[in-house]
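In: Need the 3D shape of this:
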Amino acid sequence: LQCWNRRKYIKMATLAPECEDVYADVRSDASETDWAWLKYTDNNNIGVGGSGTGGAAALAANFSDEECGFGYIRVITGDAESKRAKFVFVGWTGDNAKIMRKARMSVHKANVKDVFREFAIEVLASDMEDLDAEAIKTAVIKAGGANYMGQA
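Out: Next up, the predicted model:
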């Protein structure tokens, strides 16, 4: 598939097979991995940039002002009696990233969402303040609707 741009076609992205693996790892209750980072390997190819533990802060440590990419974070909500895993899709566009890379992200996001299929909220970030762990957790809780545990 291709989308028409004023001057040329923008090809849809090709994701490396490992992207599915890191998605499954973040979603797995048996894994401690709570974030994954997909980055561009060239104009229309996206691969795994990393994964690990440490939540939004650890994911954000992988971002730079000159690049664009996608992240996926596991957030635990609930209280002592009922813990629930919720997930966050992150689109990162560094302020100094190339303009065509930023433009491609809008088209390629659909391909990434074919892999990162399930999430409670989507965060579009361009600086580290957009990735504050507490703000993200609060947004996830609010997106969940009913809040019987007195969480903010």
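In: For the rest of this, base every contact and every neighbour count on C-alpha atoms.
Out: Fine.
In: Just give the nearest non-adjacent residue to S31, would you?
Out: Of all residues not flanking S31 in the chain, D25 sits nearest, at 6.2 Å (CA to CA, 6 or more residues apart in numbering).
In: Can you report how many residues lie near the one you found?
Out: Neighbours of D25 under the rule other CA atoms under 10 Å: 19.
In: So it sits against C19, correct?
Out: No. Using CA atoms under 8 Å, D25 is not in contact with C19; the gap is 10.0 Å.
In: re earlier: let me know the secondary structure of the residue nearest to S31.
Out: Classification of D25 by DSSP: H, G, I helix; E, B strand; the rest coil places it in helix.
In: how near is it to T53?
Out: Distance, D25 to T53, by CA to CA, to the nearest Å: 11 Å.
In: okay, and the common contacts of the two?
Out: Listed as contacting both D25 and T53 by CA atoms under 8 Å, 6 or more residues apart in numbering are T33.
In: Show me which helix runs longest in this protein.
Out: Longest helix in the chain by number of residues (criterion: DSSP state H): helix 99-115.
In: got a list of contacts for whichever helix or strand comes after that helix?
Out: Counting by DSSP states H and E, the element after helix 99-115 in chain order, helix or strand, is strand 121-125. Contacts to strand 121-125, defined as CA under 8 Å, 6+ apart, come from residues F87, V88, F89, V90, G91, W92, T93, D130, L131, A139, V140, A143.
In: now for the residues you listed, which pair is the farthest apart?
Out: With CA to CA as the measure, no two of the contacts of strand 121-125 lie farther apart than T93 and A143, at 23.4 Å.
In: show me where pLDDT drops low in the protein?
Out: Along the chain, the parts satisfying pLDDT under 70 run over 1-11, 146-152.
In: returning to that earlier point: of T93 and A143, which one has the most company?
Out: T93 (25 against 12).
In: For the protein, which segments count as strands?
Out: 2-4, 9-11, 14-15, 35-42, 45-52, 68-78, 83-93, 121-125 (DSSP state E).
In: List the buried residues for the last one?
Out: Think strand 121-125. Across strand 121-125, burial judged by 16 or more other CA atoms under 10 Å covers I121, E122, V123, A125.
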